[in-house]
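Undergrad: structure here, sequence nowhere to be found:
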């Protein structure tokens, strides 16, 4: 019966989902289970070896992991518990939860070594980070929208004392504060917020082609309007009225980059993380477009609709590229074209 009990215990230790290694206080490895090798990516059997030699073979320098295990081996009174990172030979970075317990001699009741159990909690940690980032995104977006709505209400109450372009710059400033807060309190990288430069040349080329198609479409729209309602445009002005360009259109290039970053990197990406389900991408696109249109309330309804439509169309390009650089070109040139063609 005792032998059957030991076999059962050995089988349980072998079949559990956690990695297990038993080491005596002299540092000799007494036992390892299959999950130990699978989780850590170790290929050769290490039973019977010194744990120090295992450390010497580790080319990834997982000092925190080894330090915790060594402390568990050397400390005969206190068990160890904690979370550490571990890098496998293939470069995969894991997050492990490590716990130790003592191995006692059945007769003397003295500690003969320790059993270290560790579990891969990488997915759990990623989910927790995603949940945290989603919460930060929601709070930042809500705070930014509330700040803008109250400021707009004050602007109306005071009789619109500031120029529309000034209000737009203030809006960009609020958006900048939103990003800084979002970036500080979240774990997102620049790539996560649409600032990736991967395939930059290709993205810029595609953006240029989209721009050309967009200008052609705007010209067709104006021709149709001239045919249907010639009085819609001033009779004494040319088809392309470049005299309408002001200093604002020339500095608009800086504004466009910032607007694209806020619309994509902050709003779209935040909504993509917050909205669950398989339609999260589509919902993020629609909601970010409506959001972008709504915050242009100070410019007027027609501009709100145009801004939402433009962001929606260019949003499809952003989804394919995951970068704002390809969308900045059509955003800027089409925005200027709308002014030159008297469509806004």
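TA: Received the coordinates, thanks. These numbers come from a predicted model, not from an experiment.

Undergrad: output the contacting helices and strands for whichever helix in the chain runs longest.
TA: The longest helix of the chain (DSSP state H) is helix 122-157. Judged by 3 or more CB pairs under 8 Å, 6 or more residues apart in numbering; DSSP states H and E, helix 122-157 is in contact with strand 93-104, helix 164-185, helix 269-274. For every residue, glycine as well, the C-beta is placed using N, CA and C.

Undergrad: model confidence over the longest one, on average?
TA: When pLDDT is averaged over helix 164-185, the result is 84.

Undergrad: what is the subsequent helix or strand relative to that helix?
TA: Going down the chain from helix 164-185, the next helix or strand is helix 200-228, by DSSP states H and E.

Undergrad: quick one: buried residues of that next one?
TA: 203, 204, 206, 207, 210, 211, 214, 215, 218, 222 (16 or more other CB atoms under 10 Å).

Undergrad: surely the third one touches residue 321?
TA: Going back to what we said before, that points to residue 206. Yes - Residue 206 lies in contact with residue 321 (CB atoms under 8 Å); the separation is 7.3 Å.

Undergrad: from the buried residues of helix 200-228, which is closest to residue 20?
TA: Checking the buried residues of helix 200-228 against residue 20 with CB to CB, the nearest one is residue 203 at 48.7 Å.

Undergrad: what sits against the residue nearest to the closest one when sequence neighbours are not counted?
TA: Among residues not flanking residue 203 along the chain, residue 326 sits closest, at 3.4 Å (CB to CB, 6 or more residues apart in numbering). Counting by CB atoms under 8 Å, 6 or more residues apart in numbering, residue 326 makes contact with 203, 204, 206, 207, 210, 317, 318.

Undergrad: 10 Å instead, please
TA: Contacts for residue 326 (CB atoms under 10 Å, 6 or more residues apart in numbering) come out as 199-200, 202-210, 260, 314, 317-318, 320.

Undergrad: of all these, which comes closest to residue 148?
TA: Among those, residue 260 lies closest to residue 148 (CB to CB), at 18.1 Å.

Undergrad: would you indicate which residues of stretch 135-148 are buried?
TA: Residues 136, 137, 140, 141, 144, 145, 148 are the ones in stretch 135-148 that count as buried (16+ other CB under 10 Å).

Undergrad: for stretch 31-44, same thing?
TA: Here stretch 31-44 shows 31, 32, 33, 35, 36, 37, 39, 40, 42 as buried, counting by 16+ other CB under 10 Å.

Undergrad: ok, the third one touching residue 22?
TA: Spelled out, it's residue 33. Yes - shown here, residue 33 and residue 22 form a contact pair, counting by CB atoms under 10 Å, at 9.3 Å.

Undergrad: closest one of the buried residues of helix 200-228 to residue 58?
TA: When the buried residues of helix 200-228 are ranked by distance to residue 58 (CB to CB), residue 203 comes first, at 40.3 Å.

Undergrad: reformat the buried residues of stretch 31-44 as TSV; add distance to residue 17, pLDDT and secondary structure.
TA: Formatted as TSV, the buried residues of stretch 31-44 follow (distance: CB to CB, whole Å; pLDDT from 0 to 100; DSSP: H, G, I helix; E, B strand; the rest coil):
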residue	distance to residue 17	pLDDT	secondary structure
31	17	88	strand
32	15	89	strand
33	10	89	coil
35	6	90	helix
36	11	89	helix
37	13	89	helix
39	9	90	helix
40	14	90	helix
42	17	87	coil
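
Undergrad: now the helix or strand harbouring residue 292: average pLDDT?
TA: Using DSSP H and E, residue 292 sits in helix 280-294. In this model, helix 280-294 has an average pLDDT of 90.
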